[in-house]
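> Here is my input, please return the structure:
(one chain, ligands or ions: 7)
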Amino acid sequence: MFQFSSLLALCFVAPLVTAGPCDIYASGGTPCVAAHSTTRALFSSYSGSLYQINRGSDGATTNIGPLSAGGVANASTQDSFCANTTCLITTIFDQSGRDNHLTQAPPGGAARGTDPNGFDNLAAADGAPVTLNGQKAYGVFIPPGTGYRNDATNGIAVGDAAEGMYAVLDGTHFNGNCCFDYGNAETSAHDTGNGHMEAIYFGTGGAAGAGSGPWVLADLENGLFSGPNRSVNPSDPTITSRFVTAVVKGEPGTWAIRGGNASSGLLSTFWSGARPSGGYNPMQKEGAIILGIGGDNSNGAQGTFYEGVMTSGYPSDATENSVQANVAAAGYATTSLTSGPAISVGSAVSFRATTACCTTRYIAHTGATVNTQVVSSNDTNALKLSASWNVVAGLASSACVSFESRDTPGSFIRHSDFQLFVNATDGSKLFREDATWCPRAGLNGQGNSIRSWSYPAHYFRHFNAILYAASNGGADTFDATALFNNDTTWIVGPAFA
Ligand SMILES: *[C@@H]1O[C@H](CO)[C@@H](O)[C@H](O)[C@H]1NC(C)=O
Ligand SMILES: *[C@@H]1O[C@H](CO)[C@@H](O)[C@H](O)[C@H]1NC(C)=O
Ligand SMILES: *[C@@H]1O[C@H](CO)[C@@H](O)[C@H](O)[C@H]1NC(C)=O
Ligand SMILES: *[C@@H]1O[C@H](CO)[C@@H](O)[C@H](O)[C@H]1NC(C)=O
Ligand SMILES: *[C@@H]1O[C@H](CO)[C@@H](O)[C@H](O)[C@H]1NC(C)=O
Ligand SMILES: *[C@@H]1O[C@H](CO)[C@@H](O)[C@H](O)[C@H]1NC(C)=O
Ligand SMILES: *[C@@H]1O[C@H](CO)[C@@H](O)[C@H](O)[C@H]1NC(C)=O
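Ligands and ions are numbered 1, 2, ... in the order given. Modelled structure (predicted):
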């Protein structure tokens, strides 16, 4: 009897569902006023849409929701909707009920996107696959030129009002350009002066922390800060974890930066104290929300976003520590970036076109120009070698591969302004990223399509017999939607020579 009634009591008091990050912030008296994630619901009760995608084949859109209230995104909805075509993330919905959704960022004071109206690019929907406790989901992989924004928000801090924010990011995807941000920015998309922003920044811009970066910093406008001034703050460490939790918060007179390994352990405080001088105290926050760009739409940065929120009020460290425990328990892990027939490291391959015009043509090169040429077993060894490629571990990520020219060892297929070249490696981060490719099942149902690691909307495509890194329906002529699937699909076979 005693056991039975204890058990019964336990059933009534034990929470049936785990609190989400926004339930934790609400309990702490600092509720979420924006909650964005393509990977999971951030309130235990949330079962609405997480994000919207648009597909290249017919322009149709669909919304992706969680598998259950409070759960992980249903990646199957995306995978089936995007079968045999490409998809872009058009909207990241606000789960807070305040309609603070993020959509394609408009042109700003510092930069225009390549869209006809100057908007930034949208992120490929499949650029950042992960698992959460074993369930597949997709993050938002942001290459340079890509960004999301909301300039007409509801409930986001303005002026010197207190706020907090956290984001879960990829600690290995960054650069030093301005600005991979998530947080509070100008409503005009122009630089309106110091103190008009308060956003998380991740990358190597502004030599502000210990080591060589990347760092979690705060973009407060006209300054990426690690502490109370523009000097290096040795307590703001170089981040080495694959998944990183980044925290920024501010209230009148004081603010803080915190961070940690999103997969385990606690948050550390990198700075907590006085505001910088020179226009940052009091703050003049405007309350727009940005993702992947600076407040003035500077769009040269790269990074990956999985989830993040903005709060009303200054969250306590204890509340943030509970959020960190929740993030760690969500179980973020990496998963394969490739699919389709295996293209094995250590093999040597040729790529045959599959478009009806061109099925005797193979990817070859003439000097630095990558092209297609008709090649057969009877051709000269020189031609055969020019159409033959060594498969090596991806120069930027061993999850993908790079293709070394068989006749020019040390030179690799890389994209530059979205054309493909055979260039000698210069060892730079940019070169390694431009030369890393993630093969997937062929878009037209045959062989493989070869996706850029650094610009995952872009694929190997032949167009007038020249090779490009093309995006379906993008701004360049070689991005034409007609024949996109065929022109980006290759039969990958043994090398000619
Ligand atoms: C997930 O999406 C797939 C494909 O759209 C659908 O068949 C399935 O019912 C969804 N699962 C849940 C739990 O909603
Ligand atoms: C910056 O702040 C640190 C920590 O308070 C202080 O030690 C240092 O002197 C400051 N540097 C400048 C240039 O103000
Ligand atoms: C982050 O945490 C995970 C899980 O415990 C661990 O495997 C990984 O090594 C940690 N990363 C760093 C840089 O400590
Ligand atoms: C494109 O690919 C599809 C599917 O493999 C095929 O049926 C069609 O004939 C191809 N069209 C051209 C023009 O190559
Ligand atoms: C190669 O040459 C032989 C002999 O001339 C010929 O029979 C064969 O069809 C040629 N093969 C190709 C692929 O052109
Ligand atoms: C790559 O090749 C192109 C075409 O020859 C050339 O313009 C460019 O400078 C080369 N880049 C590097 C880094 O070698
Ligand atoms: C779509 O892709 C699947 C998987 O790669 C393939 O089996 C199928 O043939 C493709 N269909 C078309 C019409 O391309």
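
> Next, the contact list for the residue most central in space within the chain, please.
Among the residues of the chain, the one closest to the centroid is Phe141, at 1.8 Å (CA atoms, centre = their mean). Contacts for Phe141 (CB atoms under 8 Å, 6 or more residues apart in numbering) come out as 123-124, 127-128, 170, 173, 304, 456. Where C-beta positions appear, they are placed from N, C-alpha and C, glycine not excepted.

> How much space separates the residue nearest to it when sequence neighbours are not counted from ligand 1?
Of all residues not flanking Phe141 in the chain, Gly127 sits nearest, at 2.9 Å (CB to CB, 6 or more residues apart in numbering). Taking CB to the nearest ligand atom, to the nearest Å as the measure, Gly127 falls 20 Å from ligand 1.

> hang on, the earlier thing: wait, a strand at the residue nearest to the centre of the chain?
Yes - Phe141 forms part of a strand when assessed by DSSP: H, G, I helix; E, B strand; the rest coil.

> okay, it: pLDDT?
Phe141 carries a pLDDT value of 98.

> On the strand side of things, show who it bridges to.
Bridge pairing for Phe141 (DSSP bridges) gives the partners Thr304.

> And it, how close does it get to His458?
To His458, Phe141 is 12 Å away according to CB to CB, to the nearest Å.

> interface residues of the stretch 251-400 of the chain facing ligand 5?
Contact residues (CB under 6 Å from any ligand atom) of the stretch 251-400 of the chain with ligand 5: 376-378.

> Apart from its neighbours in sequence, what residue is nearest the residue of the stretch 251-400 of the chain found nearest ligand 3?
Distance from ligand 3 to each residue of the stretch 251-400 of the chain (CB to the nearest ligand atom) is smallest for Ser264, at 3.3 Å. The shortest distance from Ser264 to any non-neighbouring residue, by CB to CB, 6+ apart, is to Ala328 (5.3 Å).

> mind listing what the one you found touches?
Taking CB under 8 Å, 6+ apart, one finds 261-265 in contact with Ala328.

> can you tell me the helix or strand for it?
Assessed by DSSP states H and E, Ala328 sits inside helix 317-330.

> Check which residues of the helix or strand following that helix are buried.
Note on helix 317-330: by DSSP H and E, the next helix or strand toward the C-terminus is strand 332-334. By neighbour count on 16 or more other CB atoms under 10 Å, the buried set for strand 332-334 is Tyr332.

> Walk me through which strands strand 332-334 pairs with, and which way each runs.
strand 128-132 (antiparallel).

> Which residues are in contact with the closest residue to Ser44 other than its chain neighbours?
Leaving aside its sequence neighbours, Ser44 sits nearest to Gly70 (CB to CB, 6+ apart; 4.0 Å). Shown in contact with Gly70 (CB under 8 Å, 6+ apart): 17-18, 20, 40-41, 43-47.

> Can you find the helix or strand in the protein with the smallest mean pLDDT?
Least confident helix or strand of the chain, by mean pLDDT, DSSP states H and E, is helix 2-13 with a mean of 43.

> Counting by contacts, list what the helix or strand that comes right after that helix packs against.
Following helix 2-13 in sequence order, the next helix or strand is helix 21-27 (DSSP H and E). Here helix 21-27 touches strand 32-37, strand 303-312, helix 317-330, going by 3 or more CB pairs under 8 Å, 6 or more residues apart in numbering; DSSP states H and E.

> Dump the ones you listed to CSV, plus mean pLDDT and distance to Asn177.
Shown next, in CSV, are those (pLDDT from 0 to 100; distance: least, CB to CB, whole Å):
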stretch, mean pLDDT, distance to Asn177
strand 32-37, 98, 22
strand 303-312, 98, 10
helix 317-330, 98, 27
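
> Of all the ones you listed, which one is nearest Ser96?
strand 32-37 (4.8 Å; CB to CB).

> so how far is that closest one off the chain centroid?
17 Å (CA atoms, centre = their mean, to the nearest Å).

> Give the partner strands of that strand in its sheet and their orientations.
When DSSP bridges is applied, strand 32-37 pairs with strand 303-312 (antiparallel).

> where's the residue nearest to Ser263 when sequence neighbours are not counted relative to Asn464, distance?
Nearest residue to Ser263 in three dimensions, chain neighbours excluded: Phe243, at 5.2 Å (CB to CB, 6+ apart). Phe243 is 42 Å from Asn464, where distance means CB to CB.

> More neighbours: the two, which one.
Taking neighbours as other CB atoms under 10 Å, Phe243 and Asn464 compare with Phe243 leading, 24 against 9.

> Show me the beta-bridge partners of the more buried one.
Counting by DSSP bridges, Phe243 is bridged to Asp170.

> So what pairs up with Thr61 in the strands?
Applying DSSP bridges, one finds that Thr61 bridges with Asn54.

> can you list the residues of the stretch 101-250 of the chain near ligand 1?
That would be none, as no residue of the stretch 101-250 of the chain is within reach of ligand 1 (CB under 6 Å from any ligand atom).
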